[in-house]
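Chemist: what follows is a predicted protein model with its sequence.
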Amino acid sequence: MSPQKQCVCCARTVVTTLVYNEVGIASAKALGLETFQLPYHYRIGHAICKVADCISPPADPTDSLLSRCRYDEGARPSSAKLIPCASVDEQLGRLVIAIKRQLRAYPDELLGVLVPANADIPRVKERLTTAEFSDVVSYHEPGREGDRSFYANQRVCVITVNSAKGLEFRAVHLMFVEKLRSARPEKLFTAVTRAKTSLTAYSTGSVPPLLDAAFAEPAEPTLDDLF
């Protein structure tokens, strides 16, 4: 290996070590690395940006996720919806139907099933174990803290919102949102921004007001509103 290539490899190794050991950007700057501000993002669709911006509105509207979004809606239109269900069983039934469709629609892409807490994973596992796609489902269960690896054939990941931080999925299913009433906006923001193209939330009972407002469709103006 040439000295130049060795130098580049060493630099990459140092930076990677700094990042993954959580030493932070301050240490990277101490090495004399130049900082570049990237104003745009291409990962999250418009519909999901709108939900996220409603949950955590920026002080400057021009700094919103939507205003900085360069996601290609023409190639893959995004969607974000909240589905009220009569029971947890209905939530899980709708989840199975949606995953079957998305496994075909998004071949070779990861799908995420996010739950509020570890205690919710067994309920989801019980239902998905009987699904025809059960062999491609991975469960991030207690005891696997820090291990977020996936086998190549596991395309559906069932994981808590907290553990999903830093991950991304083509489609996200946010389950049991009625349990997130006391969740901080930061946690809700993390949950919805794990999705790139499709975001679906399911609820049985009352929904956290912040999420309810974020998913609300704009009301059509009436004649009384116009005059």
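Modeler: Here it is on my side, so go on.

Chemist: buried residues in stretch 158-172?
Modeler: In terms of neighbour count (16 or more other CB atoms under 10 Å), stretch 158-172 has its buried residues at 158-161, 163-164, 167, 169-172. Quick note: C-beta positions are derived from backbone N, CA and C, even for glycine.

Chemist: which pair in these spans the largest distance?
Modeler: Within these, Thr160 and Arg170 form the most distant pair, 19.3 Å apart (CB to CB).

Chemist: in TSV, list the buried residues of stretch 158-172 along with pLDDT.
Modeler: TSV is the format used below for the buried residues of stretch 158-172 (pLDDT from 0 to 100):
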residue	pLDDT
Val158	97
Ile159	96
Thr160	96
Val161	97
Ser163	94
Ala164	95
Leu167	95
Phe169	98
Arg170	98
Ala171	99
Val172	99
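
Chemist: nearest to Asp108, out of the residues you listed: which one, please.
Modeler: Arg170 (9.4 Å).

Chemist: surely the closest one touches Leu111?
Modeler: Yes - using CB atoms under 8 Å, Arg170 is in contact with Leu111, at 6.4 Å.

Chemist: joint contacts of the two?
Modeler: Residues touching both Arg170 and Leu111 (CB atoms under 8 Å, 6 or more residues apart in numbering): Gln102.

Chemist: and of the buried residues of stretch 158-172, the nearest to Ala59?
Modeler: Proximity of those to Ala59 was ranked by CB to CB; the top entry is Val161 with 24.8 Å.

Chemist: and the closest residue to that closest one other than its chain neighbours, how far from Ala171?
Modeler: Nearest in space to Val161, with sequence neighbours left out and distances taken as CB to CB, 6 or more residues apart in numbering, is Ala191 at 4.6 Å. Using CB to CB, to the nearest Å, we find Ala191 at a distance of 13 Å from Ala171.

Chemist: ranges for the helices of the protein?
Modeler: 3-20, 25-30, 46-55, 88-105, 121-128, 185-192, 209-215, 223-226 (DSSP state H).

Chemist: for those, which one sits closest to Glu73?
Modeler: Smallest distance to Glu73 across the helices of the chain (CB to CB): 5.8 Å, for helix 46-55.
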